[in-house]
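[1] Sharing a sequence plus its predicted fold:
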4 protein chains.
Amino acid sequence: MYFASDNAGPVHPNVMAALEAANDHYAMPYGADRINQEVVKRIRQMFDAPEAAVYLVATGTAANSLALATLSNPWETVFCSPMAHIHEDECNAPEFYMGGGKLTLVPAMNAKMTPDALRASIAKEESRGVHGPQRGPVSITQVTERGTVYSISEIRALTAVAKEYDLPVHLDGARFTNAMVSLGCSPADMTWRAGVDAVSFGGTKNGLMGVEAVIFFDPKHAWEFELRRKRGAHLFSKHRYLSAQMMAYLANDLWVELANSANTNARRLAMGLRQSEHVRFEFETEANIVFASFPRSAHKRLQDAGALYYVWNDDLEGEDPDEMLMARMVCDWSISDARIDRFVGLVKG
Amino acid sequence: MYFASDNAGPVHPNVMAALEAANDHYAMPYGADRINQEVVKRIRQMFDAPEAAVYLVATGTAANSLALATLSNPWETVFCSPMAHIHEDECNAPEFYMGGGKLTLVPAMNAKMTPDALRASIAKEESRGVHGPQRGPVSITQVTERGTVYSISEIRALTAVAKEYDLPVHLDGARFTNAMVSLGCSPADMTWRAGVDAVSFGGTKNGLMGVEAVIFFDPKHAWEFELRRKRGAHLFSKHRYLSAQMMAYLANDLWVELANSANTNARRLAMGLRQSEHVRFEFETEANIVFASFPRSAHKRLQDAGALYYVWNDDLEGEDPDEMLMARMVCDWSISDARIDRFVGLVKG
Amino acid sequence: MYFASDNAGPVHPNVMAALEAANDHYAMPYGADRINQEVVKRIRQMFDAPEAAVYLVATGTAANSLALATLSNPWETVFCSPMAHIHEDECNAPEFYMGGGKLTLVPAMNAKMTPDALRASIAKEESRGVHGPQRGPVSITQVTERGTVYSISEIRALTAVAKEYDLPVHLDGARFTNAMVSLGCSPADMTWRAGVDAVSFGGTKNGLMGVEAVIFFDPKHAWEFELRRKRGAHLFSKHRYLSAQMMAYLANDLWVELANSANTNARRLAMGLRQSEHVRFEFETEANIVFASFPRSAHKRLQDAGALYYVWNDDLEGEDPDEMLMARMVCDWSISDARIDRFVGLVKG
Amino acid sequence: MYFASDNAGPVHPNVMAALEAANDHYAMPYGADRINQEVVKRIRQMFDAPEAAVYLVATGTAANSLALATLSNPWETVFCSPMAHIHEDECNAPEFYMGGGKLTLVPAMNAKMTPDALRASIAKEESRGVHGPQRGPVSITQVTERGTVYSISEIRALTAVAKEYDLPVHLDGARFTNAMVSLGCSPADMTWRAGVDAVSFGGTKNGLMGVEAVIFFDPKHAWEFELRRKRGAHLFSKHRYLSAQMMAYLANDLWVELANSANTNARRLAMGLRQSEHVRFEFETEANIVFASFPRSAHKRLQDAGALYYVWNDDLEGEDPDEMLMARMVCDWSISDARIDRFVGLVKG
């Protein structure tokens, strides 16, 4: 019963098959492989963005850090939520890639920034001239780190604030597709049509082995990104194996299918938990992450059964069996209904 | 006829099979997978180094840059040959990861530094106190970028100079196994027993999809390396797919078998070329890289037939059909005898 | 009527005289001057720290950034208040010198961190292993950016928290002496005896032209600091002119005398303002900075008379003459009673 | 008898007087002082460059590093001579400020690059695409580190090569004025009219306490430089004392007078030495630095008499009294004829 993260599940069989198919004879290295050309073409089509610059890297942290560094200068600060992955889970990689930049934490309920909070944070950096950090990109995570999803109008409202100050907008889409299917929108609607300039388009958490695309809708960033990627040691020589994964992901809408599965799994989990009177939901379940609190006694049963998930304040050692402890449970595309139901059964007791 | 690099060939079938086998259910992320424990154990055994710190990354540039950064301070300079990959082919990645460090180019014939040249370069940084760059690691490439191989006594002589000055030694082993089988020695003989402190142990150029191990013989570097790897965005969440590749590589001495194949292929190529009176060898063929010069007319025939390899000064457009132009031809494990013979045939005309 | 900052006032005549005296014939460069030896000796005596490493730089930002970089690693985060100069007024210099480090903002009333808030911030970085930023130094500003002064027991309480987690403590003492005379303590009491590891010991805001000392009580940091200072381009060739300023500052307790003057001036200003019913004090006046709010109409009178000081939210253009706007008024050692009284008179109207 | 460097001599009395004059009441901080406006105006006039961006910093390393960082990207390499101060004497400061950039050493006799050598070095970085370092600024030192002076046509020839490749040109003018008076040209002739884009205009080695101007002839670099200077901790709060020094330097052509004195002193030294048959000149004496070799026995006499200067390979402990050892002797504006003559006398024996 693995609910700890969607980064521990298996790779979809289509992707494995594509790797096998790509493993034939020689291919030009460093992104000059034929499959990569197809990937670029396909992503441009999907996003209705025929000029977009599209690149593949192997980790989400690389995608985020390289994208933000490309959009910023070292004396700037990136505006993001306090729960943002770039702040909490990347060991200062964005600051490293930016060359010593800063992150400004915009107060955010449910890990969603509001336009007012964003404007206030941006405005606060206003009057110090050369002394304070200069305003840099706004970074939005979609799906957020609390499992919530920005509506398109919410994204538009945030990018509108950024545009007031002439700041670029990055979207950390490690779970891009989970949000997209949740909203029922197109890739373009959720990005450039809503004012987003660059996207970390995740694949790893949604059935790939380790591939993310970085997309800039303005191709002026292309060459700088290529240099930053190489300098960061993120340009793969045998690039075709990244391309093949991504191509299999996009073919026949596998990406959409997998995200739908993951979201459906999370809904099943949430609905199951909802039937227990001892469960309190902490955030809306809008994609494939469920946050809920339940009594320590239920956690004990889960742990004893070998269930894996995050307990938020980690204090399973306490005494009171009725104390409510918050859990984060992430569903990937592959988890079975049986496992979900067993998990729910253990919570119910 | 692909002789441009050993980074464009296919992945060995055993490795693909291992990826399939690993693609089952869930695995702990970020290096906590069970296969990774086997990899670490196996590499420690192979190197007769039970305490060694062992980590996997996906690119050779990552292995080199992270290893050098871990061994150095930002105000230091790394001693390497002018042909070193870290100098010529990594777009300042070592300088980036070091935080603004420097490389000092030690004069090197055949891409091999001599102890005297190394000592002279190190000594030259001696007397400037706080003003000059401080002496940092020595980095040796084995197989060198000119296809030559340091003998064990040559490595010992270089590390002895480094030890005189209390400097750590890094070995860039992107083609580690090609050198090892060329020398007929053990991994330990070529590394820590010869005074090497850290190794980039390559797999990508020798039949893997994209995996290199970084090995520190002194485990004191372990935690710093882990933080640097994460901060560099080189820690894979689905790490088991790196582990599975490396484990398949090491199992049943596949790594040795593949390097033997590659070296044998290069020898066949060299011997074939040697039969032509119009071919002049530029460096010894000691591993899987052949450097030779032959007339422009022969290059024209090869190009017309679609052969891929590097022409050193790139001037194929010149007039004189007899002018000798230098080629670099790299053989991987998979190239067929037929293709080698055809290439040779085209050179002969 | 200049109350904008203590960094705009004149240099004390003794200091000018010392510069003249030092301007004789040749002196060894780069800190090897004879006067520097006296400075080091004197500071060690003053701090009762015979082993301390002592260095001079020309700006407070250099002192802070170099000290913090020396105490930390690039993957760490520095704990400081949200009003800290290192966060708000140094254009990412600490992040730059740290090589991409981070600052964690500890909630702080009156710009003073509490032990509980500090412990909570440190604890929060606890459980993420390699993923989150690692805990780094704690940086305390004394006098704070809101003019308040930590008592010695308050400093001890903060350093005790840091020691629980084995973190080093830096004290940003741009206004070190103003705090010291306010507390009536010795330099040692306010620093190493209270658990502080490194100090930016300010001179520039207290009558010098541009000199700060950086003091490490553990001399193990000495050589690294020297290299960082040089690499940061902060090592002066004609160092004797830094030494001469600092020596004049320390001689005959001029530093104490000047800070006493500045604090006395601020007290006079505060007492004058206190006589007006229209003035509301925002923070205690414990050193040489006064924060108070008074009606827009009073601000208009001051501005018309050419008074210089900071109006906090800058909105002097509003309509309501009675709206209270917060002012920051800083007194240096040199401002005359007449000017203070005139300023007070204008506030009163 | 101090001939070790021109950075150890006294400050000219006019400069001290200007500091005294500036030490009156309050002045706007951070470069907003009135004197700074005069400095900017004066330098623009002198250089016949009414649009130039002009900034003051306190060290030559700061001037060079900040200028080069402003002209480059972190993935680029700066072309300079192997004897360049930025390479040998700045402890990796340029690499640090560039964010991990590289220096490419262009072979240079007498520390002067030739156009052919420069072109060859630039061309060599040509064909590696994203893999190699990208071409960045060319940095010329004038007066060179071997005391030689580029003629204006030599500078033009180098900048022409840079322009072929669209690379910016930086001039490290720590001894700018010594070169200018040696050539008898105008500041504009030696810089922008000859194709130079940015200048480190030195004052410290020519009679100031510690001030260098950085000049960009294209003002588009202005704001970036201001941010880099602040972020590097090189923006002085009490900036008026930098301005006052520089203004005194430029007033009444003091800068020219001082450089003339220094060059004249060096000429006297060289002519004196030339009378000895035991002295061999290593480089031309074109400004204020003399390189000459003389027997160990002469060095012994000088050392015994307390003369300070650099002995190049430092081996004064050898046995053979007749062995020729190279000395570097630098004359500043203040050294007396008597001291020069005494030095010469000791060499003659």
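    Good, I have the coordinates.
[2] can you tell if stretch A:73-89 touches chain C?
    Yes: against chain C, stretch A:73-89 shows contacts by C-beta under 8 Å from any C-beta of the partner chain at A:74-77, A:88-89. Bear in mind the C-beta positions are built from the backbone N, C-alpha and C, glycine included.
[3] I'd like the average pLDDT over that stretch.
    The average pLDDT within stretch A:73-89 is 97.
[4] list the buried ones in it?
    For stretch A:73-89, the neighbour count (16 or more other C-beta atoms under 10 Å in any protein chain shown) marks A:73-81, A:83-89 as buried.
[5] In helices only, show me the residues you listed.
    Residues of those located in helices (DSSP state H): A:85-88.
[6] circling back: tell me the one among the buried residues of stretch A:73-89 nearest to chain B.
    Comparing these against chain B with C-beta to the nearest C-beta picks out residue A:89 as the nearest, at 9.3 Å.
[7] Can you tell me the closest non-neighbouring residue to that closest one?
    residue C:131 (4.6 Å; C-beta to C-beta, 6 or more residues apart in numbering or on different chains).
[8] Report pLDDT for the one you found.
    On pLDDT, residue C:131 comes in at 95.
[9] Also residue A:241?
    If you check residue A:241, the pLDDT there is 98.
[10] Show me which residues of the stretch 151-300 of chain A sit near chain B.
    Going by C-beta under 8 Å from any C-beta, the residues of the stretch 151-300 of chain A near chain B are A:204-205, A:209-210, A:227, A:230-238, A:241.
[11] List only buried entries from these.
    Buried by 16+ other C-beta under 10 Å: A:204-205, A:209-210, A:227, A:230-238, A:241, out of those.
[12] any idea which helix or strand comes after the lengthiest helix in chain A?
    Looking only at chain A and at elements set by DSSP H, the helix with the highest residue count is helix A:254-274. On the C-terminal side of helix A:254-274, the closest following helix or strand by DSSP states H and E is strand A:280-281.
[13] Tell me the gap between that following strand and the middle of its chain.
    23 Å (C-alpha atoms, centre = their mean, to the nearest Å).
[14] Name the strands paired with it and say parallel or antiparallel.
    Strand A:280-281 has its sheet partners listed here by DSSP bridges as strand A:289-295 (antiparallel).
[15] Could you tell me the angle between the partner strand and helix A:254-274?
    Taking axes from the mean of the first three to the mean of the last three C-alpha atoms, to 10 degrees, one finds strand A:289-295 and helix A:254-274 inclined to each other by 20 degrees.
[16] next one: the helix or strand that strand A:289-295 is followed by to chain centre, how far?
    Once the chain leaves strand A:289-295, the next helix or strand it forms, by DSSP H and E, is helix A:296-304. The chain centroid and the centroid of helix A:296-304 are separated by 29 Å, computed with C-alpha atoms, centre = their mean.
[17] between helix A:296-304 and strand A:289-295, what angle do the directions make?
    Here helix A:296-304 runs at an angle of 120 degrees relative to strand A:289-295 (the same axes, to 10 degrees).
[18] what's the spacing between the spatially closest residue to residue A:130 that is not a sequence neighbour and residue C:60?
    Distance criterion C-beta to C-beta, 6+ apart; nearest residue to residue A:130, sequence neighbours excluded, is residue D:230 at 4.6 Å. Distance from residue D:230 to residue C:60, counting by C-beta to C-beta, to the nearest Å: 12 Å.
[19] likewise residue A:153?
    Here residue A:153 is placed at a distance of 46 Å from residue C:60 (C-beta to C-beta).
[20] Comparing the two, which shows the higher neighbour count?
    residue C:60 (26 against 9; other C-beta atoms under 10 Å in any protein chain shown).
[21] who are the neighbours in contact with that one?
    Neighbouring residues of residue C:60 by C-beta atoms under 8 Å, 6 or more residues apart in numbering or on different chains: C:85, C:172, C:174, C:200, C:202, C:204-205, C:212, D:237.
[22] before we move on, the earlier item: buried residues, the longest helix of chain A. List them.
    Going by 16+ other C-beta under 10 Å, helix A:254-274 has these buried residues: A:254-255, A:257-263, A:265-270, A:272-273.
[23] show me where chain A has helices.
    With DSSP H as the criterion, chain A has helices at A:13-22, A:34-46, A:60-71, A:85-88, A:93-98, A:115-124, A:152-164, A:176-183, A:187-190, A:222-231, A:240-250, A:254-274, A:296-304, A:337-348.
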